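Structure for the following, please:
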Amino acid sequence: MKLLNVEVVLNREKDIHRAESEFDVLEELDDKTTSYAILSHRWGVEITYEEMIGLMKMEERKRADVRKRDGYQKIIKSCKQARKDGHKWLWIDTCCIDKRSSAELSEAINAMYRWYQNARVCYVYLNDVDESVFPTERDNSKFDRSNGWPEWFMRGWTLQELIAPEQVEFFNKNWVPIGSKPRLAPILEKITRIPREVLTDGLVGKRLSVAQLMSWAADRKTTRMEDRAYSLMGLFGVNMPMLYGEGERAFQRLQLEIIRISNDHSIFAWGMDPWPFIFGGRSTRMPRTGSVLAEDPSDFRDCGGITKVEPGDFGAKLVKYIEHYELGNPWYIQRNVWQVSTNPLHLCRLAWLRWRARSLSQQLRAFTISNAGIQVCFPVILLPNSPSHFRAILACTYEWALITIDLVSSGSSFDRIPGIDSTFTTYPEFKTLHLTHHQDVNEKRRKFTLDDKHASYHGFTRCGTCPREFTGNAVTLSSLTDDLIVIVYANNNARSRFAVGLGYYLGQGWVHVVCDGHFPIREADWADFGRGAYHRMWNARAEHAKSMPKQEETYVHRDDHFTKHAHLPRSIWAARVVWGRWEMYNFKVMVDVEQCPGCCDGPWRWTTTKNDRGGLGMPGLMRSVWGSYSLGLDGWEACFLKCSGQPVALGDYGDYSDGVPIRSGNIFEDMRTLGIDPKDSTYCPVVSRISDGGQRMRGMRNQDNVAVARRALGDRHLALHQPKGISLPAHDNIVMLLKALSTRLEGKHLVITVIQCSEFYEVDEDGKRSGAGNDLVSDSVDPSTGAGMLTPLCAIATPQVWRRRLACVQRREQFKSIRVHFYALVNMSQLTGTEAYRKSVTEERWSHQVLL
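Below you'll find the predicted structure:
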């Protein structure tokens, strides 16, 4: 290690203008044989290695700027304190490591715990403490960024810098000593949750669990994510290479290195709830599914009370666990306050399990890591109604209770899952399992793509999610166990809200809508409504999954989507959810809000609708009209209709009958009536490259500027000279435009793509010309039409937002009857006496019926 020569540094500073530049301030020495002091501090504006050794070679102005830095003054003050204490050498991480060398940096990080351990004294500089005494109480107003204590206690690297040195001295901002580690041990225990005996005597001879050590780092932060793992290597006595950029994988690698040298089951006990008497010792705070390894030290936050159980004691603990939770068939009788088993088979089974635990003591303490997973021997309890779910009993305890984790079979390995809300009743069996130690996102997650832009047209916005947050338009749910996320939408003006749940249950994705007619008074009520909707849907997840329509993978039904309509109470609105699956295990959900057409006699079932799964980029869900001609559009094969005898322009809409589109308008014309400039670059059509719809014809191989549109039925195809595809842009502005037009364009078809060319004609299978071209010309309203360009082909689709369910005929008749009676009451002549009384009673009755 490179150490600062205290005398050289101070002498150079004393006579900075005449100091000899050839004197070396840093020397390479052995940490085991050298007596040195070491500094622990929070980084600020520091001095680097190259600045420290090259200070005298700098220009005078630059040297003066360096010497004014707080980092340089910290070095000088540390050297003065070291000389006062009789130490010739001092190590500071800012200037004693040449960070330009990755090898030197890696060596320093791997050896840092040992360097702090071998130091004669460690100076802890608390730059945010002004008082001359150590703070003894939490002060959130002064230390608001560090949980009420000096920031040094919240940093990741300072954990080992507190534990490793035997002698630690604390200094305030002005380098006034404010206490030592032994004297401040009670306060340090309160701040760090590190036991007092560890602070006073060190880790030597202590049988601490891995989970307990990890819990000390749970709330600490580092600038680099990887340093949360690297700063703990010395604490566990492991070494591994530094790979900055690997992110969370650094902490996974750290755990694997710990497993290779340890037999402590508590490394799997992360997520532990601190109340085992209530929750049966299970790890109940795990929100994810997959690897048995923790993602971050914070997963061990509540594991400070976990102790590991030695193999020789595990059998007795296991029997106590079985008796406490009445596993098997004990046949208890009550004697005073004690329960005594009277089943001899039960007693024999307990004796056999105790013997089995002793005979497998070697297997219980042996871990093997391979690409198949972490091989571990556990006693496991099988879930009665699911042979793929297990509860594994770990050789570690919280208080008296053995800790358990829940697992699910995933092929040849087992994944960890959140605690199963079920009663286990069978005896445990010892099994050797391979536990997953990596996240296989592609195979064990299901992607839900959420399109909720249409809801914002009527003022409904996404205002929160439960139980976890996500941003953007996609969320992944676990496929190994039950998973659910709820999105809350609200309209302040309409005083209405609803929640959409996206769930996955036993291999089935599902969607459900929960409505609420009570508008919240406080903003916090949104979260309350979301939590309530989450619990309602979670408790009924099996029913929701069962009610989902089955999507067949046949060609006829591959484009099936399903729609559910839910009326929002005391409003004119209805939430509409469109559900589809475009891959085997991934789903697309569209959330829309529409004016309810008066169809809500009861809860609606799923109804089938059609939408394309892929291909052309479309502004929202659409169903294309099948065309007999195929072309490649930017590499995607798409079907097109022939424009026979009439001009067709991009954005045309109207009816479609017997293969002929009947134009009734154009969305670019309608944009002007809505006050939108169709020439705005936002609405500029997308131009695509055109390629042959299939294998290149023999007669066309030398014609690079010609593409052939193949006809599906027939031997006459279309050759297009200098073709280009022009499509509606698939962005939010066009999506909202189609939504705005949906009220008056119900059931209409839309031209979403046109193919333009300078010339076209028919060709046979060999590419030989067999007919004359057409004289079709694009409509002038098309903003993308070029002079002299023809439009022989187009693609037509029906937007999902233009499809609506008609109102119930019976409900319409009810509304008509109510209106007739209402106007009859309003138009009655003025009456007096008994007749007026009867009229008022009649009006009151009809008013009540109208309200109902």
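
And the pLDDT at Arg193?
In this prediction, Arg193 carries a pLDDT score of 93.

sorry, that was for Leu631
89.

Next SSE downstream of the helix or strand bottoming out on mean pLDDT in the chain?
Taking all helices and strands of the chain together, the one with the lowest average confidence (mean pLDDT, DSSP states H and E) is helix 276-279, at a mean of 42. Along the chain past helix 276-279, the next helix or strand (assigned with DSSP states H and E) turns out to be strand 306-308.

from the chain's centre, how far out does that next one sit?
Using CA atoms, centre = their mean, to the nearest Å, we find the averaged C-alpha position of strand 306-308 to lie 31 Å away from the chain's own average C-alpha position.

Check stretch 170-182 too.
When C-alpha coordinates are averaged (CA atoms, centre = their mean), stretch 170-182 and its chain have centres 43 Å apart.

CA atoms only for that stretch - export them in CSV, please.
As requested, C-alpha coordinates have been extracted for stretch 170-182 and formatted as CSV (Å, rounded to 0.1, in the frame of the first residue of the first chain):
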residue,chain,number,x,y,z
PHE,A,170,-14.1,10.8,16.1
PHE,A,171,-13.4,14.4,15.2
ASN,A,172,-15.8,17.3,14.5
LYS,A,173,-15.6,19.8,11.7
ASN,A,174,-12.8,21.7,13.4
TRP,A,175,-10.8,18.6,14.2
VAL,A,176,-11.7,18.7,17.9
PRO,A,177,-11.8,15.1,19.3
ILE,A,178,-15.4,14.2,20.4
GLY,A,179,-15.1,10.5,21.4
SER,A,180,-13.7,7.0,20.7
LYS,A,181,-15.5,3.9,19.5
PRO,A,182,-15.4,2.1,22.9
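
which of the residues in it are buried?
Residues 170-172, 178-179, 181 are the ones in stretch 170-182 that count as buried (16 or more other CB atoms under 10 Å). The C-beta positions use only the backbone N, C-alpha and C, and glycine is treated the same way.

The residues you listed: which two are farthest apart?
The largest separation in the buried residues of stretch 170-182, counting by CB to CB, is between Asn172 and Lys181 at 15.7 Å.

pretty sure Val198 is touching Ile163, no?
Yes. Here Val198 lies in contact with Ile163, judged by CB atoms under 8 Å, at a distance of 6.8 Å.

Nearest residue to the most centrally placed residue in the chain in space, please, no chain neighbours.
Most central residue of the chain, judged by C-alpha distance to the mean C-alpha position with CA atoms, centre = their mean, is Phe470 at 5.9 Å. With sequence-adjacent residues excluded and distances taken as CB to CB, 6 or more residues apart in numbering, Phe470 is closest to Ile485, at 6.9 Å.

quick one: strands adjacent to the host helix or strand of that neighbour?
Taking DSSP H and E as the criterion, Ile485 maps to strand 483-491. For strand 483-491, the paired strands and their directions (DSSP bridges) are strand 461-466 (antiparallel), strand 496-505 (antiparallel).

would TSV of these with mean neighbour count, mean pLDDT and distance to Pro619 be doable?
Rendered in TSV, the data for the strands paired with strand 483-491 read as follows (neighbours: other CB atoms under 10 Å; pLDDT from 0 to 100; distance: least, CB to CB, whole Å):
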stretch	mean neighbour count	mean pLDDT	distance to Pro619
strand 461-466	18	88	20
strand 496-505	25	88	22
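
Can you lay out the ones you listed as a markdown table showing distance to Glu246?
A markdown table is the format used below for the strands paired with strand 483-491 (distance: least, CB to CB, whole Å):
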| stretch | distance to Glu246 |
| --- | --- |
| strand 461-466 | 29 |
| strand 496-505 | 29 |
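
Select, out of the ones you listed, the one closest to Tyr427.
strand 496-505 (29.1 Å).

Check what contacts whatever helix or strand comes next after the closest one and list those residues.
Elements were assigned by DSSP H and E; along the chain past strand 496-505, the next helix or strand is strand 508-516. Strand 508-516 is contacted from outside by 446, 448, 477, 497-504, 529, 533, 536-537, 540-541, 544-548, 564, 566-569, 575, 577, 579, 581, 587, 589, using CB atoms under 8 Å, 6 or more residues apart in numbering.

What residues of strand 508-516 count as buried?
For strand 508-516, the buried set under the neighbour-count rule, 16+ other CB under 10 Å, comprises 509-516.

The strand holding Ile485 - what's its average pLDDT?
This predicted structure assigns strand 483-491 an average pLDDT of 90.

where are the low-confidence patches of the stretch 551-700 of the chain?
Residues of the stretch 551-700 of the chain that meet the criterion pLDDT under 70 lie in 551-558, 582-585, 597-604, 613-617, 645, 693-694, 699.

related to what we said a few turns ago, starting at the chain centroid, how far to the strand holding Ile485?
Counting by CA atoms, centre = their mean, strand 483-491 comes out at 15 Å from the chain centroid.

for the stretch 351-500 of the chain, what spans make up the helices?
Using DSSP state H, counting those that start in this stretch, the helices assigned to the stretch 351-500 of the chain run over residues 361-364, 441-444.
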